[in-house]
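**Q** Below are the sequence and a predicted model; questions follow.
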Amino acid sequence: MTSMMFRVMSAVAAAALAGSALAQTASPATAPKPAAKDTHKAQTIAQHRAMAKAHEDAAKCLESGKSEEQCHEQLRKDCRGLGVGRFCGLKHDH
C-alpha cells in the first residue's frame, strides 16, 4: 500500500468515526428525555413522602388523645390533592 492510499484510507476512517460519533449524539428533538422522566420520578417521590408525612401526623394526632374524627379530618385536609379518596389512598378495615 502506498503512503498516499494509506492517508486516503485513514482520512476515510476518521470521517466515518466522526460521523458515527455525531450520529450517537441525537438532536434535542429526537433525543430521549431523561429529564422529563427524572422530573416525574422526583414528583412521585415527593408525593409519597407528603402522603407518608400526612399519615404519620395522623398517627401522632391519635397518640395525642384527640378523637379519630378530628385526626381523620386533618388527614383529609393534609392529603387534599395527593392521594385518591378521602384518606390519601389508604383506608383501614374499621
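**A** Perfect, I can see it now.
**Q** And the helix ranked longest in the chain, what's buried?
**A** Using DSSP state H, we find that the single longest helix of the chain is helix 34-63. Residues A50, M51, A54, H55, A58, C61 are the ones in helix 34-63 that count as buried (16 or more other C-beta atoms under 10 Å). C-betas here are computed from N, CA, C, even on glycine.
**Q** Now do the same for the first one: its pLDDT.
**A** This points to A50. If you check A50, the pLDDT there is 91.
**Q** Which residue, other than its chain neighbours, is closest to it?
**A** Spatial nearest neighbour of A50, chain neighbours left out: L82 (5.5 Å); criterion: C-beta to C-beta, 6 or more residues apart in numbering.
**Q** The fifth one now?
**A** The spatial neighbour of A58 that comes closest, neighbours along the chain excluded (C-beta to C-beta, 6+ apart), is L75 at 4.3 Å.
**Q** Verify the contact between the one you found and C88 for me.
**A** Yes: counting by C-beta atoms under 8 Å, L75 does reach C88; the two are 6.5 Å apart.
**Q** Pull up the overlap in contacts between these two.
**A** Taking C-beta atoms under 8 Å, 6 or more residues apart in numbering as the contact rule, the neighbours common to L75 and C88 are A54, H55.
**Q** These two: who's more crowded?
**A** Neighbour count, other C-beta atoms under 10 Å: between L75 and C88, L75 has more, with 24 against 21.
**Q** Sticking with the more buried one, tell me its helix or strand.
**A** Of the helices and strands defined by DSSP states H and E, L75 is found in helix 68-79.
**Q** Check which residues of that helix are buried.
**A** C71, L75, D78, C79.
**Q** Take the residues you listed and write them to JSON lines, including pLDDT and distance to Q43.
**A** Listed next are those as JSON lines, based on pLDDT from 0 to 100; distance: C-beta to C-beta, whole Å:
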{"residue": "C71", "pLDDT": "94", "distance to Q43": "27"}
{"residue": "L75", "pLDDT": "90", "distance to Q43": "21"}
{"residue": "D78", "pLDDT": "89", "distance to Q43": "18"}
{"residue": "C79", "pLDDT": "87", "distance to Q43": "16"}
